[in-house]
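Peer 1: The sequence and its predicted three-dimensional model are supplied below.
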2 protein chains.
Amino acid sequence: MTTSAIADALRLPDGAVDLTSIETDAAPGFDGKKADGQEALATMGAELADLQERLWAERTVGSERRVLLVLQGMDTSGKGGVLRHAIGLVDPQGVRITSFKAPTDEERAHDFLWRIERGLPAAGYIGVFDRSHYEDVLIARVRELADRAEIERRYDAINEFEARLADEGFSIIKCMLHISADEQKARLEERLANPEKHWKYNPGDLDERAFWPKYREAYEIALERTNTEAAPWHVVPSDKKWYRNLAIAQLLLDTLRGLDLQWPKADFDVAAETERLAGESPVQ
Amino acid sequence: MTTSAIADALRLPDGAVDLTSIETDAAPGFDGKKADGQEALATMGAELADLQERLWAERTVGSERRVLLVLQGMDTSGKGGVLRHAIGLVDPQGVRITSFKAPTDEERAHDFLWRIERGLPAAGYIGVFDRSHYEDVLIARVRELADRAEIERRYDAINEFEARLADEGFSIIKCMLHISADEQKARLEERLANPEKHWKYNPGDLDERAFWPKYREAYEIALERTNTEAAPWHVVPSDKKWYRNLAIAQLLLDTLRGLDLQWPKADFDVAAETERLAGESPVQ
């Protein structure tokens, strides 16, 4: 499968991960400025819509294929913006977005993957996870919500889970939205300065921010341990919002292109149906 | 609440309904042609997005308000087109689309409203029903899937159900996409003529089409019996796709405007948080 320059640039190589060595304000694989990026994103709309409709059509003839886009990132990294600007390009009918918050009591009474399984997209859909099972090895590790042996178990459990999904027909795109601590500070300041954005601010965000180095470490470990062939990671520089949106739309487009989606063949006699419709009694 | 000329024109009056007296190819309340209508629709995008974000923000401070758009109409009347072109204008994160197909065995083992209840949008969402509980008094009546006494019971059950939703914080917009039998024929012909649209065609569609007069009657009864103050019906002329999309986006916009949505006030000390952020130790 041929991939774009963006996808090639963002694909995380195997091995140890050092996030400090990956720039947060770069635009790898794209040779242009903000306006070019916005135009390139808008231009993708038609092809994305066409491919999505083919994916959706396939399900009517029993295809099991579907896409799962996993979005992870620190607060303010822009998961919501990706949903609005990249996922907003495709038909909402074929999209299923699942947001994972702190687990409920019922969810906590099950294995961590229980609620993830329930949030999976059905065949034909583009599913998007706004946060995901990775929280169970990120905040869970940083805040010690589970003991270390359980955290260790989860990396393998995630890999097995995702490998099974791939076998079932899922194309999995995992994106870590990578911002700098300074950029997060600027975004939090913006929220505090604008009364229309106060609802997005939570004093707890600052408490989490104090754990930034621990989160970075938890991300590095998670990325290294779960960067599999079946479900590879992409680290998306996200200080530039336009690049972040463009890059994720491009990853989605590449994935859909790679599926070689065809319009389903009619499972009925087209000529006979055409004749039947032409010859019907007048309907009033 | 002030409504638009379109909403005023489409609001079904109380009393007996005669669908043959309502034009299918008109553009009531809109003084313009296709290009004007498409432009008017695009222009609504920014305000729709703003109001939807306010609705979404409100839920963070405990508001129970939400919107439920119910789409009903004969095959090919364009429910999918409305989802793509009107609902596609708003942030997919705040949209929940539920499509109701023939009920499953499990669904059939419950009251007809059981699966409807499960498909309702949570607070803050714009929910869209692609078909709905009205199928249980439409196809169920035409195809005699339930006995007459049960059908009769359902009209009242629907009214009570919708009145309860309104009390809970739902704004309900019910739309019947009104096309002519000739327009349906043309759209079915188009599907048969285009291999990329064969997947949308089902020979069963022609069987249903033969019941057109019975469906019209079932719609007329349902519209009359369930046209309540809490959840009024709009009959949307839908032979012109651009008008259908515009009209439904306008109904949604009117509804959101009528909610007088305000950005939530901060429930934290803004000055203290600003100071805390400014004074934090450097984060690396």
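Peer 2: Nice, I can see it.

Peer 1: Who are the packing partners of the lowest-mean-pLDDT helix or strand in chain A?
Peer 2: None of the helices or strands of chain A scores lower by mean pLDDT, DSSP states H and E than helix A:203-209, at a mean of 93. Helix A:203-209 sits against helix A:181-193, helix B:270-278, with contacts defined as 3 or more C-beta pairs under 8 Å, 6 or more residues apart in numbering or on different chains; DSSP states H and E. C-betas here are computed from N, CA, C, even on glycine.

Peer 1: what comes up buried for the first one?
Peer 2: Using 16 or more other C-beta atoms under 10 Å in any protein chain shown as the test for burial, helix A:181-193 gives A:181, A:183, A:184, A:185, A:187, A:188, A:191, A:192.

Peer 1: likewise stretch A:199-213?
Peer 2: A:199, A:200, A:201, A:202, A:205, A:206, A:208, A:209, A:211, A:212.

Peer 1: Switch the helices and strands packed on helix A:203-209 over to JSON lines; also include mean pLDDT and distance to residue B:146.
Peer 2: Compiled in JSON lines, these are given as follows (pLDDT from 0 to 100; distance: least, C-beta to C-beta, whole Å):
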{"stretch": "helix A:181-193", "mean pLDDT": "97", "distance to residue B:146": "53"}
{"stretch": "helix B:270-278", "mean pLDDT": "96", "distance to residue B:146": "57"}
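
Peer 1: near chain B, which residues of the stretch 151-284 of chain A show up?
Peer 2: A:181, A:185, A:188-189, A:192-193, A:195-196, A:198-203, A:206, A:209-210, A:212-213, A:263-266, A:268, A:270, A:273-274, A:276-277, A:280, A:283-284 (C-beta under 8 Å from any C-beta of the partner chain).

Peer 1: tell me which residues of the following helix or strand past the least confident helix or strand of chain A are tucked away?
Peer 2: Using DSSP states H and E, the helix or strand that follows helix A:203-209 in sequence is helix A:212-225. Neighbour-count burial for helix A:212-225, with 16+ other C-beta under 10 Å as criterion, is recorded at A:212, A:215, A:216, A:218, A:219, A:221, A:222, A:223, A:224, A:225.

Peer 1: what's the angle from helix A:212-225 to helix A:181-193?
Peer 2: Angle, helix A:212-225 to helix A:181-193, by axes from the mean of the first three to the mean of the last three C-alpha atoms, to 10 degrees: 120 degrees.

Peer 1: helices or strands up against the helix or strand that helix A:212-225 is followed by?
Peer 2: For helix A:212-225, the following helix or strand on the C-terminal side (DSSP H and E) is strand A:233-237. Other helices and strands packing on strand A:233-237, by 3+ C-beta pairs under 8 Å, 6+ apart, are helix A:5-10, strand A:170-178, helix A:241-258.

Peer 1: how about these in a markdown table, adding mean pLDDT and mean neighbour count?
Peer 2: Shown next, in a markdown table, are the helices and strands packed on strand A:233-237 (pLDDT from 0 to 100; neighbours: other C-beta atoms under 10 Å in any protein chain shown):
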| stretch | mean pLDDT | mean neighbour count |
| --- | --- | --- |
| helix A:5-10 | 97 | 19 |
| strand A:170-178 | 98 | 23 |
| helix A:241-258 | 98 | 23 |
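
Peer 1: Same list, those, but as JSON lines with distance to residue A:134 please.
Peer 2: Putting the helices and strands packed on strand A:233-237 into JSON lines (distance: least, C-beta to C-beta, whole Å) gives the following:
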{"stretch": "helix A:5-10", "distance to residue A:134": "17"}
{"stretch": "strand A:170-178", "distance to residue A:134": "8"}
{"stretch": "helix A:241-258", "distance to residue A:134": "16"}
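
Peer 1: what about residue A:179, how many neighbours?
Peer 2: 24 (other C-beta atoms under 10 Å in any protein chain shown).

Peer 1: I figured it hits residue A:73, correct?
Peer 2: Yes. The pair residue A:179 / residue A:73 is scored as a contact, 6.9 Å apart, by C-beta atoms under 8 Å.
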